[in-house]
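Chemist: okay, sequence plus prediction incoming.
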Amino acid sequence: MCMAVKFFGQFLVENGIVSREALLKAIELQEQKNLKFGEMAVAMGYVTQDDITRAHNAQLSRDIKLGDLLVQIGILTLTQLNEIITRQKNNHLYIGEALVLVGALSNEQLQQQLDDFKADQAPYISDRIELPGGISNPEVWEMTADLTYKMITRVLGLPFRAGKCQTITTVATNFVMAAMDLSGDVDARYIISVSQELQKSVAKAILSETSVDNEPPEVLEDTVMEFVNVVCGNIAAKASQTGKIVNINPPVTIRPDSAGLAVPAGYTGLCFPILVSEGETMQLVLFVRN
Amino acid sequence: MKKVLVVDDSLSVARQLEKIISESGEFKCVGHAKNGAEAIKMNHAEDPDIICMDMNMPGMDGLTALRSLSMLDKEVKVVMVTSLGGVGDKFTEALKLGAKNVISKPFEADDVLKILRGL
């Protein structure tokens, strides 16, 4: 099932290995210790906070990593970029290590649990985007998933873990499902489905509001459609750079019954599970014409 | 204060744009049309100085409305607001049809105001 992607911490809590409180304590420790790229660059004295703010603004409409952008505009050298990345990697505190540091796990337990977790997640976890064989225009769909992930980070500001792409015949129903049909050199339907809490996160980001509790349902729903619109527009732009024409249509909301949405005949259904936080589901689904 | 008409089928984008425009203190939002046909009617009724218009809308889309507006009203300045800003052909087409500029989504308030001030 697509929903089965988990964080290591969630796996441990679900299996009663550590308490929720211990996990939160470990996450808090991680947040203190693990600096983001921009924070590390500032901490190392290579850039100022103003440089980072300017670069973040420029980054919103471009598909480029912060570090690459800073090099491109001459604020960082390539050597400095590599030094920052290396320092980030070397200093990164993983959740398992954090759990050991807060006394929730011993080193021996950690190793055993990591082995169990890897076995549990083997069918779902992917370090890179891999599509099943036989899909038409695979490079477009790899780019589509990649760009969707980047937009979730950049536009929605949500940390997440991407699961392995799976072929499906039915899409599970979720709280909001927004779709856009793609045409031109491709024939596909792009769908983003989100749970109720994630819909609020999307709405806060799209509306630039700290609370959306008083927003009418149609506005909340519209924000998910707008996110789909933004991602698909950028997919069309990216595809055009490689000579592919991808036309977009106005986004729509789809409401399948509890049995879910069947992949139409003549199409292959691809599901990319996106785990944002415990119990909150988000999926990218593509129906690609065979 | 220059009057701006927002044209977008998305409630959330219209909300964003209206907020940016009204909070700027430099521009006044005179309404929100949900498609190209409504935009043409509201342009006649409200006589805005600037129209911020989405490209991808149900019914009459933004480029079709832009074509009509360019013929009907030589004074109004139209800026397209679109996630397709990075598609070279779409960008060029909008400018050729008379759009003064294109705001790419996702956008920030500064991006919008910079373009509106430059008109």
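Modeler: Yep, it's here.
Chemist: from chain A, how far off is B:Ser104?
Modeler: Applying CB to the nearest CB, to the nearest Å, the value for B:Ser104 to chain A is 5 Å. Backbone N, C-alpha and C define where each C-beta goes, glycine included.
Chemist: cool, B:Leu11 as well?
Modeler: 4 Å.
Chemist: what residues are up against the residue lying closest to that residue once chain neighbours are set aside?
Modeler: Of all residues not flanking B:Leu11 in the chain, A:Asp222 sits nearest, at 4.4 Å (CB to CB, 6 or more residues apart in numbering or on different chains). Shown in contact with A:Asp222 (CB atoms under 8 Å, 6 or more residues apart in numbering or on different chains): B:10-12.
Chemist: for residue 50, grab the count of nearby residues.
Modeler: Using chain A. The local packing of A:Asp50 (other CB atoms under 10 Å in any protein chain shown) involves 8 other residues.
Chemist: switch to chain B, please.
Modeler: Residues near B:Ile50, counting by other CB under 10 Å: 21.
Chemist: residue contacts, it?
Modeler: With CB under 8 Å, 6+ apart, B:Ile50 has these contacts: B:2-5, B:27, B:76-79, B:116, B:119.
Chemist: quick one: it and B:Val81, what's the gap?
Modeler: 11 Å (CB to CB, to the nearest Å).
Chemist: about what we covered before: would you turn the contacts of B:Ile50 into JSON lines with distance to A:Met177, pLDDT and neighbour count?
Modeler: Output for the contacts of B:Ile50, formatted as JSON lines (distance: CB to CB, whole Å; pLDDT from 0 to 100; neighbours: other CB atoms under 10 Å in any protein chain shown):
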{"residue": "B:Lys2", "distance to A:Met177": "40", "pLDDT": "95", "neighbour count": "15"}
{"residue": "B:Lys3", "distance to A:Met177": "38", "pLDDT": "97", "neighbour count": "17"}
{"residue": "B:Val4", "distance to A:Met177": "33", "pLDDT": "97", "neighbour count": "28"}
{"residue": "B:Leu5", "distance to A:Met177": "32", "pLDDT": "98", "neighbour count": "25"}
{"residue": "B:Phe27", "distance to A:Met177": "36", "pLDDT": "97", "neighbour count": "22"}
{"residue": "B:Val76", "distance to A:Met177": "38", "pLDDT": "95", "neighbour count": "18"}
{"residue": "B:Lys77", "distance to A:Met177": "38", "pLDDT": "95", "neighbour count": "18"}
{"residue": "B:Val78", "distance to A:Met177": "33", "pLDDT": "96", "neighbour count": "26"}
{"residue": "B:Val79", "distance to A:Met177": "32", "pLDDT": "94", "neighbour count": "20"}
{"residue": "B:Leu116", "distance to A:Met177": "35", "pLDDT": "93", "neighbour count": "23"}
{"residue": "B:Leu119", "distance to A:Met177": "39", "pLDDT": "86", "neighbour count": "13"}
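Chemist: quick check: the two most widely separated of those?
Modeler: B:Phe27 and B:Val78 (14.6 Å; CB to CB).
Chemist: mind putting the contacts of A:Asp222 into TSV with secondary structure and pLDDT?
Modeler: Shown next, in TSV, are these (DSSP: H, G, I helix; E, B strand; the rest coil; pLDDT from 0 to 100):
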residue	secondary structure	pLDDT
B:Ser10	coil	92
B:Leu11	helix	91
B:Ser12	helix	92
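Chemist: how near is B:Glu18 to chain A?
Modeler: 11 Å.
Chemist: what about the nearest residue to that residue once chain neighbours are set aside, neighbour count?
Modeler: Distances taken as CB to CB, 6+ apart put B:Cys29 closest to B:Glu18, at 4.7 Å, once the chain neighbours are dropped. By the measure other CB under 10 Å, the count of residues near B:Cys29 is 19.
Chemist: beta partners for B:Cys29?
Modeler: Beta-bridge pairing for B:Cys29 (DSSP bridges): B:Val4.
Chemist: done for today, thanks.
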